[in-house]
Every structure is written in structure tokens, then in C-alpha cells.
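**Student:** From the sequence below, what's the structure:
(2 chains)
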Amino acid sequence: MSRITGAIREMQTIEESASRDQWVNRIHPLVKFCLTILYLICVISCGRYDLPRVLGLALYPFLMFELSGLPFGEALYRLRIVLPLVCIVGIFNPLLDRRPGAEILGFTLTMGLLSMLTLMIKGILTVLSSYLLVASTPVDDLCAAMRMIHIPRMIVVEFLLIWRYISLFMSEAEKTEEAYLLRAPGQKGIAMKNWGPLLGSMLLRSMDRASEVYEAMCLRGFTGDFPAGRIRKAGRRDLVFFVSFAAGILLLRIFPVLVLVGSLFAG
Amino acid sequence: MSHIHIEVKDLTFAYEKDRKILDGVTFTAREQDAIGIIGANGAGKSTLLKILVGLLLSFEGTVRVEEIPLEKRTLPRIREKIGYVFQDADSQLFSTSVYEDIAFGPRNYGLPEEEVDRRVRLALKKVSLEGFGKKPIHRLSGGEKKLVSIAAILSMTPDILLMDEPSAALDPRNRRNLIRVLNEFDHLKILTSHDLDFIWDTCSRVILLGEGRILYDGNPEGILRDKKTLEESGLELPLSLTPREERTPSGGQ
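**Tutor:** Here you go, the predicted structure:
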């Protein structure tokens, strides 16, 4: 199986996870969307040296992975391309800022190391929480939820079409790669000189297909709005879920829970 | 006589200047018609369907669908009446599951969820795919995808069904299933196809297009048995109407 085919399968698996009949999947999409946004704001707003608070916020994705039944290891594997990129951010901080920062178990962490770790963990947590949202909510429901809180139609439609376009582009890439390799036996991958024309034709073909998909949507009454009827009204269970998790996230953001727990044990 | 559903008058269309794909095409289609549009590659069959459904609007001439003139401002009304099945089912199916895809149209027309559910189940029953609702689209075979794309249109209960090359890439079982579905659809349907056996099995009227013009418009017997005209238009007699001794291609063993 080629890498492109593998990527397509992984995307399809994410979509299948989103359509599972698990209780996290059944939570109202607007609740999950708002919680994710709240979580992202809380994580991003943590200070650059605020490692304990950021580590405390890691409880939310871990708990959600546990509750949703989504395998954590699989998520890390799927995000294997994004996560290293996220980790690169701040990689030079330890060299640039050598002031002593915190002391853990007798070791002194420099401010640079502290900021690098904070940035890395912040990046990983934001990616994981976004993954959790996408892997537990069908993309159409997510778009409908966005429209419910009046996010501009243009942004929502753009998001939906990009999501669909990624799959189309990858399936065109898969076909092009297969056709190429079948006529280039013994060659490892695509030769550099052929990348230009192949990429051009892939783009054109995927754009043709994308416009056909858009036409198919318009022919079935799509006007850029997502009918309210497609998702049920939020119920008591959704409200309880939102209030408890939002409160938890805010507590973790306001209080450095790990430091407090540590100081309890340290007396 | 049933009333006219589609009226096309002096329809001319060109993708590029001075290269007309359709040139003065005129015909009417009535409620119970089952029209097969045939012609060689590039004869303008798919273009004609795309115009009828409003995907190509830069044409000359007039097109009226149930008395409504086809123009940009009338598109939503016209598209409620016409269901169009794409040649490539992959272009038409974009949702994660079969159920979601079939429900897409009815939901967009603001139907209550109970009615959407009823229509999805009925459409799946019509194409004999009951129990397929939860299946992810990418796990379907080519034939199943075609049938789901038809179910997606049937769930919108259109007055007119347009299908571009419906029998392409179907195995015999799915092809028979499709013929049954089409013959059960008792409103106007217009199909394009190179598969003349399929046209013979499903259509009560045939329009032959060639060089952008209508070369024949009448009952299937009048054209599908006319070997000379078919061959002049780049087509061949349907296999089922070809005498057994003539079925071997010239020069064959």
C-alpha cells in the first residue's frame, strides 16, 4: 500500500470514528465545538513558562480519549506528521535563554528549556483536542453547529469544501501515482523531473472533481446553509456535559492544579 | 395527452467560440416519456443534460421546465423538479455514510427529520439496498455507489429524472437492478448512453444526436434496428437486436 493510499485510509478511518454510535459521538456537536474552542483558548493563553498549568490542562484530552474509546496510540500515529512540526517550535529556546528557571528533583531547568517544553506541550494539546473533535463529530454536523452560532457562512462552507477537497486531492494523487508507477517499473517513487507535470495534472483533475462535487451539492438544494433539522436540539445530558467539562477546564486554567497537588504531598 | 415537462427550442451551445456542441436542438418531453439520448462521443449528450439541469447557462435558445424558463433566477425552482444522476457516482456521493448522503437533499429542502428518515428508507428499498444505511460510502462497490447515487436523487421525489451514462461500469446484476428501478420510475426520465441494449430495455423514445443536431427523434424500433444510420453516427446495433451470425466483429475469428 502506497503512502497516499495509507493516508486516504487513515482519513476514512477518522470519518468512520466520527460516525460511531458512542456516547461521546452522541453529545451535541455544538457542545463539543464550544468546549474545544474554550479548551484551545485556555491552553493558548497560558504563559510561556507556565508548564505546570499546561500539564494540568492535559487532563482534558486524556480523559476524553478514555471516555470516547478512541485509541490514544492510534491518534499519535495519525498525527505523526503534524506533531514533530509542532515540537520544532521553540526548539532553540534552551540555547537562547539560559537563565535558571525552576528546580525539579534537584535539577535546575533553564527558562529556555521551560519555554520550549511549554510550547511543545501546548502544541501537542491543541492538535490532540482538535483531533478529538473531528474524530467524534461528523464534519457536516460540525458545520451545522458552527452555523448555529452564526459563524459566517463563507467560512463554514470554505471549511467543509476544504475538508472534502483534501480527500479528492488525495484520491487523484493516488490514481496518478499508481498510473505512473505502473508505467515506470523498477523505479522507486516518482522521479524529480516528473513532479511538475504530475502535480499540475493532479491539481487540475482534483479541481475538476471538486467542482463536480460542489455542483452535485447545489443540485440537491445546498445553498451554503445547514438545515437546523439535521442535528437534534441540545438536551439536559449535553448541558451537564458542557457545564462539568467547561468548569473543569476553567479550574485547570485558573489554578495550577499539579502544583497544588504536589504541595499537598510535600506538606 | 400528458402535459409538456420540458420544452427545448433552438438550443445552441458552444464551449469555445465557433465550435458548437449543440446547434439548434428542438424537442419537447412529456410526463410519461422515457427518452434515451444516443450519439457518438462528443455528440453533446452530456452537455444537453447539464443544460437542462442548469449547470451550463450560457446557451442560446429557450429551455422551459414545467413552464418555467431556465435562467439563473429560476434555478432553485427548477432543481426542485429535476433530479440529475452524474456519470461518475464518486462525484455525487460526498457524505460519510449512505444514510447521510441520501438524506442530504431532503434535509436541504427543510423536511422534518421523520420525513427525511422515511424517504431515505423508501429510496434504499427502491434500489434494493435496505440495510446499507450505515455503510461508509468508501466501502461500497462501483455498482452499489451507482445505486446509492440514484437513491439520493429518488429521495428528493423529482418530477423529472436525468441520468448521464447510468449503465457505465455496472455488472449484469446491478444493471438488471437499475433497469428495474428505472422502469418503476413513472415520471419523465431522460438518459444518455452508448449502451443501446440498455436504451432498448428502458426507453420508449430515442433521440439521436450527431454534430450538434437531432438526427432522429422517435420510437426505439425506428432507429435501433437501423444499422446504416447508427453506423453513420458512430454507433452499432444493440447486441440483442443483432442477428447471431453478425455478432462476430469483422475480421474476427
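**Student:** all strands of the chain, in order?
**Tutor:** Reading this off chain A. Remark: strands assigned in chain A by DSSP state E are A:100-104, A:107-110.
**Student:** actually chain B
**Tutor:** B:4-16, B:19-30, B:34-38, B:60-65, B:68-69, B:82-85, B:160-164, B:188-192, B:205-210, B:213-218.
**Student:** Let me know which of those is the nearest to A:Arg80.
**Tutor:** Nearest to A:Arg80 among those is strand B:82-85; the distance by Cβ to Cβ comes to 39.9 Å. The C-beta positions use only the backbone N, C-alpha and C, and glycine is treated the same way.
**Student:** Can you check the distance spanned by stretch B:54-62, start to finish?
**Tutor:** The straight-line separation of the ends of stretch B:54-62 (Cα to Cα, to the nearest Å) is 12 Å.
**Student:** Just the residues contacting stretch B:99-115, thanks.
**Tutor:** A:19, A:138, A:140, A:217, A:220-223, A:227, A:229-230, A:232, B:80, B:93-95, B:116-117, B:119-120, B:123-124, B:133-134, B:137, B:148, B:151-153, B:155-156 (Cβ atoms under 8 Å, 6 or more residues apart in numbering or on different chains).
**Student:** what about it, distance to the chain center?
**Tutor:** In this view, stretch B:99-115 has its centroid 22 Å away from the chain centroid, taken as Cα atoms, centre = their mean, to the nearest Å.
**Student:** State the number of residues packed around residue 209.
**Tutor:** Defaulting to chain A. 20 (other Cβ atoms under 10 Å in any protein chain shown).
**Student:** not what I meant, chain B
**Tutor:** Neighbours of B:Leu209 (other Cβ under 10 Å): 25.
**Student:** Apart from its chain neighbours, what residue comes closest to it?
**Tutor:** Residue nearest to B:Leu209 in three dimensions, not counting chain neighbours: B:Gly39, with 3.7 Å by Cβ to Cβ, 6 or more residues apart in numbering or on different chains.
**Student:** Not counting sequence-adjacent ones, nearest residue to residue 232?
**Tutor:** All of this refers to chain A. Nearest one to A:Arg232, counting by Cβ to Cβ, 6+ apart, is A:His28 at 7.4 Å.
**Student:** actually chain B
**Tutor:** Per Cβ to Cβ, 6+ apart, closest to B:Glu232 is B:Gly210, 7.9 Å.
**Student:** what does the model give that neighbour for pLDDT?
**Tutor:** Note on B:Gly210: pLDDT of 91.
**Student:** Could you list everything the most centrally placed residue in chain B pairs with in the sheet?
**Tutor:** Nearest residue to the geometric centre of chain B (Cα atoms, centre = their mean): B:Met163, 1.6 Å. Using DSSP bridges, the beta-bridge partners of B:Met163 come out as B:Val85, B:Leu191.
**Student:** Could you pull up the residues touching it?
**Tutor:** B:Leu49, B:Tyr84, B:Val85, B:Ile150, B:Leu182, B:Lys189, B:Ile190, B:Leu191, B:Thr192.
**Student:** Tell me the bridge partners for the residue nearest to B:Glu232.
**Tutor:** With DSSP bridges as the rule, B:Gly210 is bridged to B:Arg213.
**Student:** do you know how far it is from B:Ile21?
**Tutor:** 12 Å (Cβ to Cβ, to the nearest Å).
**Student:** Check A:Arg153 too.
**Tutor:** Counting by Cβ to Cβ, the gap from A:Arg153 to B:Ile21 is 35 Å.
**Student:** Between the two, which has more neighbouring residues?
**Tutor:** Neighbour count, other Cβ under 10 Å: between A:Arg153 and B:Ile21, B:Ile21 has more, with 23 against 15.
**Student:** Quick check on the residue nearest to the more buried one when sequence neighbours are not counted: phi, psi?
**Tutor:** In this structure, B:Ile21 finds its nearest non-sequential neighbour in B:Gly44, 4.5 Å apart by Cβ to Cβ, 6+ apart. Main-chain torsions, B:Gly44, degrees, to the nearest 10: phi 110, psi 10.
**Student:** who touches B:Gly44 in this structure?
**Tutor:** By Cβ under 8 Å, 6+ apart, the neighbours of B:Gly44 are B:Phe13, B:Ile21, B:Leu22, B:Val25, B:Leu209, B:Gly212.
**Student:** per-residue confidence for the third one?
**Tutor:** Each residue has a pLDDT score; the one for B:Leu22 is 95.
**Student:** in the stretch 1-150 of chain B, what residue is nearest chain A?
**Tutor:** Here the stretch 1-150 of chain B gets closest to chain A at one residue, B:Asn108, 3.3 Å apart by Cβ to the nearest Cβ.
**Student:** Any figure for the gap between A:Met111 and chain B?
**Tutor:** Distance of A:Met111 to chain B, computed by Cβ to the nearest Cβ, to the nearest Å: 46 Å.
**Student:** Do you know the pLDDT at that residue?
**Tutor:** Reading off the confidence values, A:Met111 has pLDDT 88.
**Student:** what's the burial count for it?
**Tutor:** 18.
**Student:** so it makes contact with A:Gly101?
**Tutor:** Yes - contact criterion Cβ atoms under 8 Å: A:Met111 and A:Gly101 qualify, at 4.3 Å.
**Student:** Now for the two: what residues contact both?
**Tutor:** Any residue near both A:Met111 and A:Gly101 by Cβ under 8 Å, 6+ apart counts here, and that gives A:Tyr49.
**Student:** Find the residue ranges of chain A scoring beneath the pLDDT cut-off.
**Tutor:** A:1-2, A:228-230, A:267 (pLDDT under 70).
**Student:** Could you pull out the helices in the stretch 101-250 of chain B for me?
**Tutor:** Secondary structure of the stretch 101-250 of chain B by DSSP state H, counting those that start in this stretch: the helices cover B:113-126, B:142-154, B:172-184, B:196-202, B:220-224, B:227-232.
**Student:** May I see those helices arranged in JSON lines, with distance to B:Glu100 and mean neighbour count as well?
**Tutor:** JSON lines is the format used below for the helices of the stretch 101-250 of chain B (distance: least, Cβ to Cβ, whole Å; neighbours: other Cβ atoms under 10 Å in any protein chain shown):
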{"stretch": "helix B:113-126", "distance to B:Glu100": "9", "mean neighbour count": "17"}
{"stretch": "helix B:142-154", "distance to B:Glu100": "10", "mean neighbour count": "24"}
{"stretch": "helix B:172-184", "distance to B:Glu100": "21", "mean neighbour count": "16"}
{"stretch": "helix B:196-202", "distance to B:Glu100": "29", "mean neighbour count": "22"}
{"stretch": "helix B:220-224", "distance to B:Glu100": "38", "mean neighbour count": "19"}
{"stretch": "helix B:227-232", "distance to B:Glu100": "43", "mean neighbour count": "14"}
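**Student:** For the stretch 51-200 of chain A, which residues are neighbours of chain B?
**Tutor:** A:Pro138, A:Val139, A:Asp140, A:Arg164, A:Ser171 (Cβ under 8 Å from any Cβ of the partner chain).
**Student:** how long is stretch B:37-45 from one end to the other?
**Tutor:** Termini of stretch B:37-45 sit 6 Å apart (Cα to Cα).
**Student:** Which residues belonging to that stretch are considered buried?
**Tutor:** By neighbour count on 16 or more other Cβ atoms under 10 Å in any protein chain shown, the buried set for stretch B:37-45 is B:Ile37, B:Ile38, B:Gly39, B:Ala40, B:Ala43, B:Gly44, B:Lys45.
**Student:** Format the contacts of B:Met163 as TSV; extra columns: pLDDT and distance to A:Phe65.
**Tutor:** Formatted as TSV, those follow (pLDDT from 0 to 100; distance: Cβ to Cβ, whole Å):
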residue	pLDDT	distance to A:Phe65
B:Leu49	95	49
B:Tyr84	94	43
B:Val85	94	42
B:Ile150	93	40
B:Leu182	92	48
B:Lys189	95	50
B:Ile190	96	52
B:Leu191	95	50
B:Thr192	95	51
